[in-house]
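>>> Output the structure for:
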Amino acid sequence: MPLHIGIVGCSAEGAALCYRTLCVEGASHMGHAHAHPEVSMHTHSLAAYVDCLDRGDLDGVAQLMLSSAGKLAAAGADFLICPDNTIHQAMHIVLPQSPLPWLHIAEVAAAEAVSRGFRSVGVLGTHWLVNSEVYPQALSAAGLEAVRPGTEERATMGRIIMDELVRGVIKPESTDVLRRMIDGLKARGCDAVVLGCTELPLVLNDGNSPLPTLDSTRLLARAALRRATTTG
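Numbering: from 1, shown residues only. Here you go, the predicted structure:
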């Protein structure tokens with residue numbers, strides 16, 4: 001039997017895309033139509049996470065994640081994933097206390113970057129994420145360079161994500177803004193860009209991005225499927 005995947009959700013659109021990917025692509029791992037591993041998800045209110053992030057309270061973020069982890073462990077999950085890059089800032093607090101092992105979204109994206117031969121990766125995401133060391137640490141550990149957008153671009157991108165994408169609002173003009181940011185990263189020598197917000201794949205992909213994309217949402221889901229179906 002495949003392992004039971006637990007999803008620690010944060011924002012709805014990213015968690016939903018991750019869940020859909022697990023269910024839709026599960027069949028290719030399990031060998032027959034409509035099959036996928038058992039999946040459970042728990043989500044606290046996004047407002048609770050945002051309140052902690054605004055206060056710089058990573059302990060508070062960790063306690064929310066651990067609360068979800070405990071509920072998922074009780075539901076029978078074998079391991080956990082979190083389709084939200086930003087709250088991975090608290091993972092160093094979470095892991096020593098967690099009842100279950102986790103896959104780390106930035107480590108999964110970094111491994112994909114290495115496998116595709118990239119060297120310098122632009123980091124897109126909320127201002128909390130881009131200001132953090134989540135991706136610089138993961139990319140550096142894999143021998144890659146992390147390049148961040150400028151301060152004003154981070155603020156603009158954060159507004160697009162939090163005011164639009166997490167609510168399922170897609171505006172072509174905002175996508176154009178994001179594409180211009182990627183153009184700027186390309187001019188700075190980047191050969192790829194990580195979609196380090198799990199809502200960004202709703203509007204950016206290899207078809208419309210000036211640089212190849214690392215879709216953190218789907219990459220995490222696929223890594224979870226591999227783990228669930230090869231070690232279960």
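>>> okay, which residue of this protein is out on the far edge from center?
Residue farthest from the centre of the chain, counting by Cα atoms, centre = their mean, is His32 at 27.7 Å.
>>> What is the three-state secondary structure of it?
coil (DSSP: H, G, I helix; E, B strand; the rest coil).
>>> And for Leu3?
coil.
>>> Just to check, Ile81 is in contact with Ile7?
Yes: using Cβ atoms under 8 Å, Ile81 is in contact with Ile7, at 5.9 Å. Every C-beta, even on glycine, is put in place using the N, C-alpha and C of the backbone.
>>> higher neighbour count, these two?
When Ile81 and Ile7 are compared for neighbours, Ile81 comes out ahead with 27 against 24, by other Cβ atoms under 10 Å.
>>> Just list the residues touching the more buried one, thanks.
Contacts here follow Cβ atoms under 8 Å, 6 or more residues apart in numbering; on that basis Ile81 touches Ile5, Gly6, Ile7, Val8, Cys18, Trp102, Leu103, Ile105, Leu220, Ala221, Ala223, Ala224.
>>> could you pull out the strands for this protein?
Assigned by DSSP state E, the chain shows strands spanning 5-9, 39-43, 79-81, 120-124, 145-147, 192-195, 213-215.
>>> what's near enough to touch the closest residue to Glu153 other than its chain neighbours?
Counting by Cβ to Cβ, 6 or more residues apart in numbering, Glu153 lies nearest to Met181, which is 5.3 Å off, once chain neighbours are set aside. Going by Cβ under 8 Å, 6+ apart, Met181 touches Leu124, Pro149, Glu153, Thr156, Met157.
>>> so what's the nearest residue to the fourth one once chain neighbours are set aside up against?
Distances taken as Cβ to Cβ, 6+ apart place Val177 nearest to Thr156, at 6.4 Å, with adjacent residues excluded. With contact taken as Cβ under 8 Å, 6+ apart, Val177 is in contact with Thr156, Met157, Ile160.
>>> Kindly report the same for Leu202.
Contacts for Leu202 (Cβ under 8 Å, 6+ apart) come out as Glu13, Leu17, Leu165, Gly168, Ile170.
>>> for the worst-scoring helix or strand of the chain on mean pLDDT, the distance to its chain's centre please.
Every helix and strand in the chain was compared by mean pLDDT, DSSP states H and E; the lowest is helix 12-30, with a mean of 93. Helix 12-30 has its C-alpha centroid displaced from the chain centroid by 13 Å (Cα atoms, centre = their mean, to the nearest Å).
>>> and for that helix, what are the contacting residues?
Here helix 12-30 makes contact (Cβ under 8 Å, 6+ apart) with 2, 5, 7, 9, 33-37, 39, 41, 43, 46, 81, 83-84, 165-168, 197-199, 201-202, 217-218, 220-222, 224-226, 228-229.
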